[in-house]
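1. missing the sequence, but the structure's below:
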């Protein structure tokens, strides 16, 4: 069978599975819809959290980012896993004991204030929408690449599928679908990785393989460092970012991870406090399988690329090269006219993507109109690192189809988790808690369903008409979560003295300074865009890492303000006492 | 439940947290970032040690830390009869 048939078959089967699960796990109450009835086992929740967490960007993009940034890519590896330690130790067990449905629930009750609740709702909506816009686009891109449809058609198909199980099952449907999606995505990620590791080093475990020797008896990493420094690149294992910046970006991603509402609410779904702790451990274990494999794939892919293309005449290049060239993900300009490919530091093109023209060059390559003046002749889209793996390793067609199903599973599961946060924020935090407290459970369930529908439509709109800032989404979402939720929740648990005034002013100050910095240096909306350069960054911290500063500002302002304002009332201090004790969780569930 | 009992439980919990968070900080920010160059002079097979901590070791330690915490807390809950 050819790739196309295999892809339709495997993707079709997995979709049928997801839809079957959705029908089987319909939500019957708001508790089912918001927190899957609070009855998910820690293992299942760990699997679901893994799928929820790992997006199309983790599945397709991360190995590529690491392959092309070497040591600098470590910020994502440590940043997106280390946050789970904070979750397990500082947040999840206490929030589970608190036992409500959402993050704004906690903020609103702990800080006895609807203003605090509203600030939290706005922050949750903002974080989730910026994040989901990128995800829906990702869904469309994966569909278009594998099923050969338009990107927008891909977004529509994705919307329909997510809508189906979010509408029917809410958190319950999403959770059990995500369990299946985790299995699909990790299998799809590991199979090619194991084969490639075997081919490159003879060791089937990629995590060990990339520290082993190749056929020539040289350690793979030493060989790669040598190849790169010979051509003027920084050594793969050294990196180019300043230590300060690496430190701050890693911290922002960690605190941001621990503060993301769609991650936190996952721990409301398990029955007991001890389950919340354990389930965070499982989640990180399942995430770590992919996250420790990605750097291995990165090394195999980068070495392979450097060895294969360097000074190779275009006529002798392997077929995968020309295949990806025809999709526009690889471009080559023969700048020195020798008919061979030179891959050197610097960008081969001006602007983000190559602009192809109709004609062909003297070697038969596709010509582009925006070649740069840099001697580097080769443009490679980072996403092909994972996509091209099975072909480079000559794996059978069904493996390539499996990677497609894995990419779709990753994209859909993350989008669904985010959409749930958005719909819950609207139906529970805004309507039930503030506008119409008297509505019945049944009515609230229907409102939740319709807000899910609304959220899918809005997210789909952003997927089809991506706003200009989508590229900065990661910095924005993590920075905002780190500078708002993380400090407010941690202080709410660990300080009995922290009060309404402190928490609100802390969140507002943290959010404001982070938004300002990103608008100033990442988006160029404030101030002179020409001075929005690295040289003017405060203390050499990039916008990606500024969430850490926002978090520190939040802590500082909150503690200062709370010192000069009255302590929280008795009953609130009682809440804090209570969430610190694991027993008696049954009474706290529900409204 | 008297408040003395709760206070002691909370204090022990905080002690565990401090130790585990310290290890968390040392393996990632310490070994992987601040002292990466020093550690890179040491080798472990094909890996420079600092690089290995940044891309592999820290993640393994994170997983272990959570499961250690789960064990410690389950024991502590039992000791103070706060388990369910």
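-> Nice, thanks for sending it over. Computed from a prediction, not measured in an experiment: that's the story for all the values here.
2. which SSE is the nearest residue to residue A:70 once chain neighbours are set aside in?
-> Leaving aside its chain neighbours, residue A:70 sits nearest to residue A:236 (4.0 Å; criterion: C-beta to C-beta, 6 or more residues apart in numbering or on different chains). From N, CA and C alone the C-beta is placed, and that goes for glycine too. Following DSSP states H and E, there is no helix or strand that holds residue A:236.
3. Next SSE downstream of the one helix or strand residue A:247 maps to?
-> Counting by DSSP H and E, the element that carries residue A:247 is helix A:243-259. Helices and strands here follow DSSP H and E; after helix A:243-259, the next one along the chain is helix A:261-264.
4. what's the spacing between residue A:226 and chain B?
-> 13 Å (C-beta to the nearest C-beta, to the nearest Å).
5. For that residue, give me its contacts.
-> With contacts defined as C-beta atoms under 8 Å, 6 or more residues apart in numbering or on different chains, residue A:226 has no neighbours.
6. Would you check how far apart it and residue A:148 are?
-> According to C-beta to C-beta, to the nearest Å, residue A:226 stands 40 Å off from residue A:148.
7. same deal with residue A:56?
-> Counting by C-beta to C-beta, the gap from residue A:56 to residue A:148 is 18 Å.
8. For the residue nearest the centre of chain A, which non-adjacent residue is spatially closest?
-> Geometric centre of chain A, nearest residue: residue A:55, 5.0 Å, by C-alpha atoms, centre = their mean. With sequence-adjacent residues excluded and distances taken as C-beta to C-beta, 6+ apart, residue A:55 is closest to residue A:414, at 3.9 Å.
9. just checking, that neighbour touches residue A:59?
-> No - checked against C-beta atoms under 8 Å, the pair residue A:414 and residue A:59 is beyond contact range at 9.5 Å.
10. Isn't the residue nearest to residue A:70 up against residue A:224?
-> Yes - with contacts defined as C-beta under 8 Å, residue A:236 counts as touching residue A:224 at a distance of 4.8 Å.
11. shared neighbours of those two, which are they?
-> A:299, A:302.
12. Averaged pLDDT, the host helix or strand of residue A:288. What do you get?
-> According to DSSP H and E, residue A:288 maps onto helix A:273-309. For helix A:273-309, mean pLDDT is 92.
13. so what's the backbone phi/psi at the residue nearest to the centre of chain A?
-> The phi/psi pair for residue A:55 (degrees, to the nearest 10) reads phi -90, psi -180.
14. Tell me who's in contact with it.
-> Residue A:55 neighbours (C-beta under 8 Å, 6+ apart): A:134-135, A:138, A:410-411, A:414.
15. Who are the contact partners of residue A:231?
-> Counted by C-beta under 8 Å, 6+ apart, residue A:231 has contacts A:306, A:310, A:343-345.
16. could I get the residues you listed as JSON lines with distance to residue A:404 and neighbour count?
-> Below are the contacts of residue A:231 laid out as JSON lines (distance: C-beta to C-beta, whole Å; neighbours: other C-beta atoms under 10 Å in any protein chain shown):
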{"residue": "A:306", "distance to residue A:404": "27", "neighbour count": "19"}
{"residue": "A:310", "distance to residue A:404": "30", "neighbour count": "16"}
{"residue": "A:343", "distance to residue A:404": "28", "neighbour count": "21"}
{"residue": "A:344", "distance to residue A:404": "33", "neighbour count": "15"}
{"residue": "A:345", "distance to residue A:404": "33", "neighbour count": "12"}
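17. Next, format those residues as a markdown table and append distance to residue A:541.
-> Formatted as a markdown table, the contacts of residue A:231 follow (distance: C-beta to C-beta, whole Å):
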| residue | distance to residue A:541 |
| --- | --- |
| A:306 | 32 |
| A:310 | 36 |
| A:343 | 31 |
| A:344 | 30 |
| A:345 | 24 |
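18. separation between the residue in the stretch 451-591 of chain A that chain B sits nearest to and residue A:295?
-> Nearest to chain B, among the residues of the stretch 451-591 of chain A, is residue A:583, at 4.5 Å (C-beta to the nearest C-beta). Distance of residue A:583 to residue A:295, computed by C-beta to C-beta: 42 Å.
19. which one of those two has more residues nearby?
-> Using other C-beta atoms under 10 Å in any protein chain shown as the criterion, residue A:583 and residue A:295 rank with residue A:295 on top: 28 against 17.
20. nearest residue to the more buried one other than its sequence neighbours?
-> residue B:55 (4.3 Å).
21. cool, residue A:86 as well?
-> residue A:258 (4.1 Å).
22. I'd like to know how far that neighbour sits from chain B.
-> 12 Å.
23. could you pull out the helices for chain B?
-> B:3-25, B:36-39, B:49-52, B:58-79 (DSSP state H).
24. Tell me which of those helices sits most buried.
-> helix B:49-52 (a mean of 24; mean count of other C-beta atoms under 10 Å in any protein chain shown).
25. Work out the gap between that helix and the centre of the chain.
-> Taking C-alpha atoms, centre = their mean, to the nearest Å, one finds the center of helix B:49-52 at 19 Å from the center of the full chain.
26. same check, this time on stretch A:51-60
-> Distance, centroid of stretch A:51-60 to centroid of chain: 6 Å (C-alpha atoms, centre = their mean).
27. Pull the number of nearby residues for the residue nearest to residue A:70.
-> Residue A:236: 28 neighbours (other C-beta under 10 Å).
28. which parts of the stretch 1-150 of chain A sit against chain B?
-> A:66, A:71, A:73-74, A:77-78, A:81-82, A:84-85, A:88-90, A:93 (C-beta under 8 Å from any C-beta of the partner chain).
29. ok, so of those residues, who is nearest residue B:81?
-> residue A:93 (17.4 Å; C-beta to C-beta).
30. is any part of the helix or strand of chain B with the lowest mean pLDDT close to chain A?
-> Ranked by mean pLDDT, DSSP states H and E, the weakest helix or strand in chain B is strand B:43-44, scoring a mean of 89. Yes - interface with chain A: strand B:43-44 contributes residue B:44 (C-beta under 8 Å from any C-beta).
31. Give the partner strands of that strand in its sheet and their orientations.
-> Sheet pairing for strand B:43-44, assigned by DSSP bridges, gives strand B:47-48 (antiparallel).
32. Next, the residues that contact the strand it pairs with from outside, please.
-> A:211, A:221, A:237, B:39-42, B:56.
33. which parts of the stretch 151-300 of chain A sit against chain B?
-> A:207, A:210-213, A:219-222, A:237, A:243, A:246-247, A:250-251, A:272-274, A:277-278, A:280-281, A:284-285, A:288, A:291-292, A:295.
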